[in-house]
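>>> sequence? don't have it. structure:
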């Protein structure tokens, strides 16, 4: 046996997103990419803002010595101060450079937070549908994921969260705007969850930490404002990345920011900084730190995504699909006609349309479509969506 039993089991149940993406690559190689409509991977296709590329060239040409060496594990102090100032303006919280850790994407931020928080057997509440890597991240650090259902519109169910809290609950992961549904959690429901967590932590004498995973925070529609998660609950760690707002997912730069009001904040920050090193991240990419600091406030235009959202909604609606309109991110999560998501995704594949079955996100009977694709791909897929729907 070349790999451990644990990894072998993980390989067998590995992410449906990647599995379908790889099937799509094979289909494109066989038929030609122009004949395949691939909605599998949430890989932003818009180019980064022009200023980003200018800053990248300037940073690469900077002749000063030592710019590509090791640094404090939390990241370059000057960069963290620039980003802290940006967060202060955005959230109204007195965040400083010392409250921030620069990470290898939001995934790196989640992993260092979980590494710092979890003892073996501690539970982490995860809301279904969920980003499937959460299960791996929790398991990486000896934790136990406990899945909590959302309601029929994928909105928060505070009562279900309250019922799931137990003696080993250590953290709750909230992802908004949400992957795979595009839902944005409403402030009233978030405040109710914050109240429940506060009451529970007071009774237990130890808080549950809220890990707010917000990499899609700048991608919202219809003039929606994302609730300020720091105002919802004091024991909050904001985890985000620049992958989506700057369209640079391959550059792997994110951050984790601990609320100034979080319990045991200094020890928590020290543990997360240590975790950044001992997990092998060491520090976030030096070049990208300097580039992002130079373009604070820049973001990709949301309008192209908004147009695609409206176009795909029209295609699905006219074909008779049931879905909740996404409020953010770039995903639809419709019901699978007939109820069997595997069978329906296979039927779509027969039309050269690639989607991801909902069971990969903990919600069978649905499927995910990523609309970070050109509008012509959505238009080309419309007849295939209609034909597939007619068969169920």
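Everything's here; your move. The model shown is predicted, which means the values in this text are computed figures rather than measured ones.
>>> Identify the residues contacting residue 322.
334-335 (Cβ atoms under 8 Å, 6 or more residues apart in numbering). Quick note: C-beta positions are derived from backbone N, CA and C, even for glycine.
>>> Likewise for residue 214?
175-177, 226, 229, 238-240.
>>> Which residue ranges of this protein form strands?
Using DSSP state E, the strands of the chain run over residues 37-38, 100-103, 123-128, 144-149, 169-175, 209-213, 236-241, 254-258, 331-332, 353-354, 356-357, 367-370.
>>> now the stretch 251-392 of the chain, which segments are flagged as low pLDDT?
Within the stretch 251-392 of the chain, no stretch has pLDDT under 70.
>>> And the protein, what are its domain boundaries?
Here the domain parsing of the chain from automatic domain parsing is 5-48+301-390, 51-294.
>>> still on that earlier bit, of the contacts of residue 214, closest to residue 140?
residue 239 (15.0 Å; Cβ to Cβ).
>>> per-residue pLDDT, that closest one?
pLDDT, residue 239: 98.
>>> same check, this time on residue 72
Reported pLDDT for residue 72: 97.
>>> residue boundaries of the helices in the stretch 1-150 of the chain?
5-12, 16-31, 50-61, 77-91, 105-117, 133-140 (DSSP state H, counting those that start in this stretch).
>>> Of these, flag the one that's most buried.
helix 105-117 (a mean of 25; mean count of other Cβ atoms under 10 Å).
>>> now that helix against strand 169-175, angle please.
Relative orientation of helix 105-117 versus strand 169-175 (axes from the mean of the first three to the mean of the last three Cα atoms, to 10 degrees): 170 degrees.
>>> Now helix 105-117: average pLDDT?
Mean predicted confidence for helix 105-117 is 98.
>>> to the chain's geometric centre, what's the distance from that helix?
Its chain's C-alpha centre and that of helix 105-117 lie 13 Å apart, by Cα atoms, centre = their mean, to the nearest Å.
>>> coming back round to it: residue 46: which of the strands of the chain is closest?
strand 367-370 (13.1 Å).
>>> Which strands or helices does that closest one pack on?
Counting contacts by 3 or more Cβ pairs under 8 Å, 6 or more residues apart in numbering; DSSP states H and E, strand 367-370 packs against strand 331-332, helix 341-350, strand 356-357.
>>> circling back to that earlier point, can you list the helices of the stretch 1-150 of the chain in JSON lines and add distance to residue 206?
Shown next, in JSON lines, are the helices of the stretch 1-150 of the chain (distance: least, Cβ to Cβ, whole Å):
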{"stretch": "helix 5-12", "distance to residue 206": "29"}
{"stretch": "helix 16-31", "distance to residue 206": "35"}
{"stretch": "helix 50-61", "distance to residue 206": "42"}
{"stretch": "helix 77-91", "distance to residue 206": "25"}
{"stretch": "helix 105-117", "distance to residue 206": "11"}
{"stretch": "helix 133-140", "distance to residue 206": "18"}
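>>> Quick one: closest of the ones you listed to residue 374.
Comparing these by Cβ to Cβ, helix 16-31 comes nearest, at 14.6 Å.
>>> State the pLDDT value of the closest residue to residue 164 other than its chain neighbours.
Nearest residue to residue 164 in three dimensions, chain neighbours excluded: residue 148, at 4.7 Å (Cβ to Cβ, 6 or more residues apart in numbering). Confidence at residue 148, expressed as pLDDT, is 98.
>>> again with the one 10 residues further on
On pLDDT, residue 158 comes in at 97.
>>> And residue 384, how close does it get to residue 274?
Residue 384 is 51 Å from residue 274, where distance means Cβ to Cβ, to the nearest Å.
>>> So for these two, which sits in the more crowded spot?
Using other Cβ atoms under 10 Å as the criterion, residue 384 and residue 274 rank with residue 384 on top: 19 against 14.
>>> Tell me who's in contact with the more buried one.
37, 348, 351-353.
>>> before we move on, the earlier item: tell me which of the helices and strands packed on strand 367-370 is the most buried.
Most buried among the helices and strands packed on strand 367-370, counting by mean count of other Cβ under 10 Å: strand 356-357, with a mean of 26.
>>> That one packs against which elements?
Looks like strand 356-357 contacts helix 16-31, helix 341-350, strand 367-370 (3+ Cβ pairs under 8 Å, 6+ apart).
>>> can you list the residues that contact the last one?
For strand 367-370, contacts defined as Cβ under 8 Å, 6+ apart pick out 17, 39-43, 180, 312, 330-334, 336, 341, 344-345, 348, 355-358, 360-361.
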